[in-house]
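Chemist: Sharing a model that was predicted from the sequence below.
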Amino acid sequence: MLIIMKTYLIILLVLSIMYGILNMCIYYSRVKGKQREFYGDIVSSKIRRISVLIPMKNESAFVSQCIERILEIDSDKIDLEIIPIDYGSTDGTGEILDNYRDKYKFIKPLHCTSSDLKGVKASNAAVNMAKGDIIVVMDCKIMPASNVFERIANAFENPSVGFVNTRIIANNSNRNVLTRFLSINLSGLYQCIMQGSFNLEINCVMAKGITGYRKDILKKAGGFTTEYINNDICLKYKLITAGYSQVYDNYCESYGSVYENTKEWEENIKQEAFLVGESFFQLLGSILFSRKINFRNKICNALQVVEYIMPILSFFGFLMILSMILTGRLGEIAFVMIFIVYGFYCGFAKSNSFIQIFAGQILDGVKGENIMWSFGIFYIIFTSWYTAMGIRDVVAEFFRKVIKV
């Protein structure tokens, strides 16, 4: 048993060091390296057909401003179609969408009222009814900049591109302490992790901004894998393992709100962990055995997936360390080394770590927010706990299905 426990801890430490090396390379590439270019600024005479999918439920307070903002985007190079997906709203959202449909022929709401049109089926029904060659997915609380759709379309001039990630900038950062911290954290995610990964040609699917897909590739892959199409991590990995590349455009900005209370934040963390955990072994296997991605991306993408179960792995590691200390099987030097390495993981290697937040502040020119660093420990504990809760829900759901069978 002691050998098993020591082996487990060694594996955990090796993973932490690997995360550290990967993320430090990403940070260095972003801060010091040359920024990778793509087709974002290309000048083309082609008119691109784009279908914008906007999933929503009970969003009557936001739906009008979202659609009005899209209508303000005037481009003679974009043939736009808007498909709001209403997942059974009861607050008047459906009526608002129908009013827009009566005024504009290119606004085509999809009302999910029948039992055959629920969840992911509704999302893929929207793809099937879309006329555009490019599918753009966005949340109705996000306000796109005027160049977003055109830059997304430009990225697909490269035939190997399967999807395009864009950046979100928080527009409610001054609401409270939580929004101040999360807005800086958001800056670090996009400025460091997303752009740095793109510089190094490492696939990274963590972005939750407006996302563009090539329609034919999307349908070939089987469509969306979840009703939460704003953050379909599994679909993005499926496209990557099929050999399609991704583009991240740091200049393609939109504006959205970060969570203003811990309840909303908690639910989002658990949802994301559940989606990845539900397909964990399938994702990990497809990444490691894909013939379409290189060895470096296999390791990096596998680490991205494994990071979702790191909180649980770390928890069991903590229990083992505690047991070994109490039984006198772990020396003081070994304990200090483990503590240092894991501290390095939390501070420098974990996504949304201290160094990421610091670098994001510098790159965005944010001043006077250094006190927000003090929330870093809270952030690590909070996200680790609710990520573990999301994985717990996956395990519970698995056993429920087994019992039913």
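Modeler: Looks like it came in fine.

Chemist: okay, CA-based contacts and neighbour counts for the rest of this
Modeler: Fine.

Chemist: Quick one: neighbours of G212, just the number.
Modeler: Counted with other CA atoms under 10 Å, the neighbours of G212 add up to 28.

Chemist: go on, Y8?
Modeler: A count of neighbours around Y8, defined by other CA under 10 Å, yields 16.

Chemist: Helix, strand, or coil at it?
Modeler: Reduced to three states with DSSP: H, G, I helix; E, B strand; the rest coil, the structure at Y8 is helix.

Chemist: any idea how far the residue lying closest to it once chain neighbours are set aside is from V14?
Modeler: Once its chain neighbours are removed from consideration, Y8 has its nearest residue in G317; the separation is 7.4 Å (CA to CA, 6 or more residues apart in numbering). Here the distance between G317 and V14 works out to 13 Å (CA to CA, to the nearest Å).

Chemist: Test my guess that the residue nearest to Y8 contacts L9.
Modeler: Yes: applying CA atoms under 8 Å, one finds G317 in contact with L9, separated by 6.2 Å.

Chemist: Let me know the next secondary structure element after the helix or strand bottoming out on mean pLDDT in the chain.
Modeler: Lowest by mean pLDDT, DSSP states H and E among the helices and strands of the chain is helix 332-344, with a mean of 65. Downstream of helix 332-344, the first helix or strand assigned by DSSP states H and E is helix 354-364.

Chemist: And that following helix, what does it pack against?
Modeler: Judged by 3 or more CA pairs under 8 Å, 6 or more residues apart in numbering; DSSP states H and E, helix 354-364 is in contact with helix 2-32, helix 177-188.

Chemist: Now do whichever helix or strand comes after the last one: distance to the chain's middle.
Modeler: Downstream of helix 177-188, the first helix or strand assigned by DSSP H and E is helix 195-199. Centroid separation between helix 195-199 and its chain, computed with CA atoms, centre = their mean, to the nearest Å, is 15 Å.

Chemist: and helix 195-199, what other elements does it pack with?
Modeler: Of the remaining helices and strands, those touching helix 195-199 by 3+ CA pairs under 8 Å, 6+ apart are helix 2-32, strand 245-256.

Chemist: K238: which of these is closest?
Modeler: K238 lies closest, by CA to CA, to one member of those: strand 245-256, at 11.0 Å.

Chemist: Strand partners (parallel or antiparallel) of the closest one?
Modeler: Each strand pairing with strand 245-256, determined using DSSP bridges, is listed with its direction: strand 143-144 (antiparallel), strand 161-170 (parallel).

Chemist: Out of the helices and strands packed on helix 195-199, point me to the one whose mean pLDDT is lowest.
Modeler: Of all these, the segment with the smallest mean pLDDT is helix 2-32, scoring a mean of 83.

Chemist: Flag every buried residue along that helix.
Modeler: With burial defined by 16 or more other CA atoms under 10 Å, the residues of helix 2-32 counted as buried are 5-6, 8-9, 12-13, 15-20, 23-24, 26-27, 29-31.

Chemist: repeat for stretch 73-91
Modeler: Applying a neighbour-count criterion of 16+ other CA under 10 Å, the buried positions in stretch 73-91 are 73, 78, 80-89.

Chemist: Can you give me the end-to-end span of that stretch?
Modeler: The first and last residues of stretch 73-91 sit 27 Å apart, counting by CA to CA.

Chemist: which outside residues touch it?
Modeler: Residues outside stretch 73-91 that contact it (CA atoms under 8 Å, 6 or more residues apart in numbering) are 45-60, 93-94, 97, 106-113, 118-119, 122-123, 126, 130-132, 146-147, 149-150.

Chemist: circling back to that earlier point, of all the helices and strands packed on helix 195-199, which one is nearest N165?
Modeler: Taking CA to CA as the measure, the helices and strands packed on helix 195-199 were each checked against N165, and strand 245-256 came out nearest at 4.7 Å.

Chemist: What about the nearest residue in space to Y251 that is not next to it in sequence, how many residues nearby?
Modeler: What sits nearest to Y251 in space, not counting adjacent residues and going by CA to CA, 6+ apart, is R167, at 7.4 Å. The burial metric for R167, expressed as a neighbour count using other CA under 10 Å, is 27.

Chemist: Please look at R167 and M206 and confirm they touch.
Modeler: No: with contacts counted by CA under 8 Å, R167 stays clear of M206, the gap being 11.0 Å.

Chemist: For L235, which residues are in contact?
Modeler: Listed by CA under 8 Å, 6+ apart, the contact partners of L235 are 221, 223-225.

Chemist: Thank you, goodbye.
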